[in-house]
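Enquirer: model the following, please.
(one chain, ligands or ions: 1)
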Amino acid sequence: MPSNLRIDPERLWATLMQTAAIGGTAKGGINRQTLTAEDGQVRGWFKREAEALGCRVTVDEVGNMFALRPGRRPDLAPIALGSHLDTQPTGGKFDGNLGVLGALEAMRTLVAAGYETNAPFVVVNWTNEEGARFAPAMLGSGVFAGVYSRAEADAIADIAGVTFGAALEGIGWRGEAEVGMPLSAYLELHIEQGPILEAEEKVIGVVTGVQGVRWYEAAITGRESHAGTTPMPRRADAMVACARLALEVLTIALAHAPTAVGTVGRVEVEPNSPNVIPGVVRMTVDLRHHDDATLAAMEAEMYAAIDRVAAGEKVQIETKKLHDIAAVRFDPQCVAAVRAAAEGLGHAHRDIISGAGHDAVHMSRIAPSAMIFVPCKDGLSHNEAESATLDHCAAGAQVLLEAALALDAKLGGH
Ligand SMILES: [Zn+2]
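Expert: Numbering: from 1, shown residues only. Modelled structure (predicted):
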């Protein structure tokens, strides 16, 4: 059964629009890259709003922000709700913002009702989720979860040579709190950033996990020779091998439909001349699936295909694995709480795997975690035209609140 607490859809929407003006672009998006003046401004706004609610705001050594409201049991670790307020250079109004501001709306609702939770509730704004200025993405949550050290984060430089540490201090948001704290659960509301919910007219995506990603580089060496004088049977054409391999990647992805994806996204051809048979091609392969065993099978199929293509085209192919990010399965109890909340509120919903990385990926290593997706128009994100409806944002925030309250109830009062 849902609670009798109701978030205020108009208040949530007004907050989304108000903060969208900080770094707002002419095309209706947001340019609020991490650790810029605009990021500092929205951080100040968030702190003031949270403190006005009576929350205690702490900032840790990598700038992650926590707005905490005590529960009736100080012995319990907090339940955290959040996401990120930084954006891509041409970002939209909802990516990340909805997760933080939806959590803030849930907090406002609790405060307005005088509702006492068992565990403390905390709204989180993670530093540098986007990774647009300082790679990698999901950095603040990554340090929090122990994936990176604070020193590693501090040393990362942007293209202008400014380090993360210097930029953090430059905007005055290096906090004093030690990074990391025990949490009872972590929930993150986010736009889907894909087309599935909209196409199926679902309001809520119950995110069960995040797909694993593996990147490879293949260097194909054939033999450069004259395009006019070299008979077809005597060629060792690196580009033809690349083309065959690209089709093999397609076949592998389709063989593991509907959720597997495979992409050849970058190809460099040498000498890249119209009348020379390419001697060298370097190409990337990106394979993704939500199940690591399937991903391993796809990888094995790719290596077998590489051997076949190399033999068939008389070329040499050397491969290197660039990235291997394991798939994430969210905590069954947290996922069930999200599903039950959507169900109880009467929202059309479906289970869904996230195609993109989120702070919840790192958080799931250290706390029971799950995510809630709402649809976005045409599946468009990382784009100034990114759009979601008031109703969908409100539904997501309400599910976030209900799921958090259900998890809180499980922790027990006295
Ligand atoms: Zn995001």
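Enquirer: neighbours of the residue of the stretch 201-350 of the chain found nearest the ion, just the number please.
Expert: In the stretch 201-350 of the chain, the residue that lies nearest the ion is residue 210 (12.1 Å; CB to the ion). Where C-beta positions appear, they are placed from N, C-alpha and C, glycine not excepted. The number of residues packed near residue 210 is 24, by other CB atoms under 10 Å.
Enquirer: that one: what's it in contact with?
Expert: Residue 210 makes contact with 290, 327, 328, 330, 353, 354, 356, 357, 358, 360, 361, according to CB atoms under 8 Å, 6 or more residues apart in numbering.
Enquirer: which pLDDT does the model give it?
Expert: Listed pLDDT for residue 210 reads 95.
Enquirer: mind giving me the PyMOL select for the contacts of residue 210, buried ones only?
Expert: In PyMOL, this line selects whichever of the contacts of residue 210 come out buried by 16 or more other CB atoms under 10 Å:
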select buried, resi 290+327+328+330+353+354+357+358+360+361
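Enquirer: give the contact list for the residue nearest to residue 41 when sequence neighbours are not counted.
Expert: Using CB to CB, 6 or more residues apart in numbering and skipping the chain neighbours, the partner closest in space to residue 41 is residue 22 (5.0 Å). Contacts of residue 22 were listed using CB under 8 Å, 6+ apart, and they are 30, 32, 38, 41, 42, 45.
Enquirer: try it again at 10 Å.
Expert: 30-32, 37-45, 85, 87 (CB atoms under 10 Å, 6 or more residues apart in numbering).
Enquirer: could you dump those into JSON lines and include pLDDT?
Expert: What follows is the contacts of residue 22, written out as JSON lines (pLDDT from 0 to 100):
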{"residue": "30", "pLDDT": "97"}
{"residue": "31", "pLDDT": "97"}
{"residue": "32", "pLDDT": "97"}
{"residue": "37", "pLDDT": "98"}
{"residue": "38", "pLDDT": "98"}
{"residue": "39", "pLDDT": "98"}
{"residue": "40", "pLDDT": "98"}
{"residue": "41", "pLDDT": "98"}
{"residue": "42", "pLDDT": "98"}
{"residue": "43", "pLDDT": "98"}
{"residue": "44", "pLDDT": "98"}
{"residue": "45", "pLDDT": "98"}
{"residue": "85", "pLDDT": "98"}
{"residue": "87", "pLDDT": "97"}
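Enquirer: of those residues, which is the nearest to the ion?
Expert: Using CB to the ion, the contacts of residue 22 come closest to the ion at residue 87, 8.6 Å.
Enquirer: for the stretch 101-250 of the chain, what spans make up the strands?
Expert: Ranges of strands within the stretch 101-250 of the chain are 121-126, 185-191, 204-210, 212-221, 225-226, based on DSSP state E, counting those that start in this stretch.
Enquirer: what is the mean pLDDT for the last one?
Expert: For strand 225-226, the mean per-residue pLDDT is 97.
Enquirer: can you list which of the contacts of residue 210 are found in helices?
Expert: Among these, the residues falling in helices (DSSP state H) are 360, 361.
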